[in-house]
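Colleague: What shape does this take:
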Amino acid sequence: MVTSADVLIVIDLQNGVCYSGDHLFELQNLLTIVNKRIALYRKLHKPIIFVQHCDEELVPGEELWAINSSLNVEEEDFFVRKTHANSFYKTNLKNLLDELAVQRIEFCGAQTEYCMDATIKFAHGLGYKNYMVQKATSTLDNPFMSAEKTIHFYENIWNHRFLEWIEDES
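Modeller: Numbering: from 1, shown residues only. Here you go, the predicted model:
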């Protein structure tokens, strides 16, 4: 049973994503899960990459763009800025993963049906072996499905197609 990958990638857990009018579904639970995963990667001396979305609302250096203060972020972590749902699109993420000799990625973050889905599928297409702890992603309700149903729907699509689950033993 795999308990970790080569790297942990935390996507878009920024103030403006976590609290954009509404809170992400089960936000506190998500932050707890992500911090447990961060703690494991630190204990194993494995790299952690924080991906931050940039746009007209999420402006670098401003409060909405900042990573949620509940997360354990340290100076030695890596940071990638993106402007597209796919974290690889016009970023240095692929080069960074190559430098770190990464073959296996664990993902967590937001939003399930946008940045998480696009990045997981693209990473799969690049040949990475992808992993995730269940419920390590979140989103908001949308006109078609509740956030809870959306998460379940995407986790079902990803399961054994685009990623494998890691049992959270903490």
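
Colleague: So which residues of this protein form helices?
Modeller: 15-18, 27-43, 93-99, 117-125, 147-158 (DSSP state H).

Colleague: per-residue pLDDT, the closest residue to residue 85 other than its chain neighbours?
Modeller: In space, and not counting its chain neighbours, residue 85 is closest to residue 118: 4.0 Å by Cβ to Cβ, 6 or more residues apart in numbering. (C-beta placed from N, C-alpha, C; glycine too.) The score at residue 118 is 98. That number is its pLDDT.

Colleague: now the one 5 residues further on
Modeller: Reading off the per-residue confidence, residue 123 sits at a pLDDT of 98.

Colleague: next one: residue 168
Modeller: For residue 168, pLDDT reads 69.

Colleague: do residue 21 as well
Modeller: pLDDT, residue 21: 65.

Colleague: Numbering from 58 from now on, please.
Modeller: That works, and once the first residue is 58, the last one we named lands at residue 78.

Colleague: hmm, back to that, pick out the shakiest of the helices of the chain, pLDDT-wise.
Modeller: For the helices of the chain, where the average pLDDT is lowest is helix 72-75, sitting at a mean of 91.

Colleague: burial of the residue nearest to residue 142, as a residue count?
Modeller: Residue 175 has 17 neighbours, counted by other Cβ atoms under 10 Å.

Colleague: still on that earlier bit, out of the helices of the chain, flag the one nearest residue 123.
Modeller: Smallest distance to residue 123 across those (Cβ to Cβ): 5.4 Å, for helix 72-75.

Colleague: Give me the distance from that closest one to the chain's centre.
Modeller: Centroid separation between helix 72-75 and its chain, computed with Cα atoms, centre = their mean, to the nearest Å, is 13 Å.
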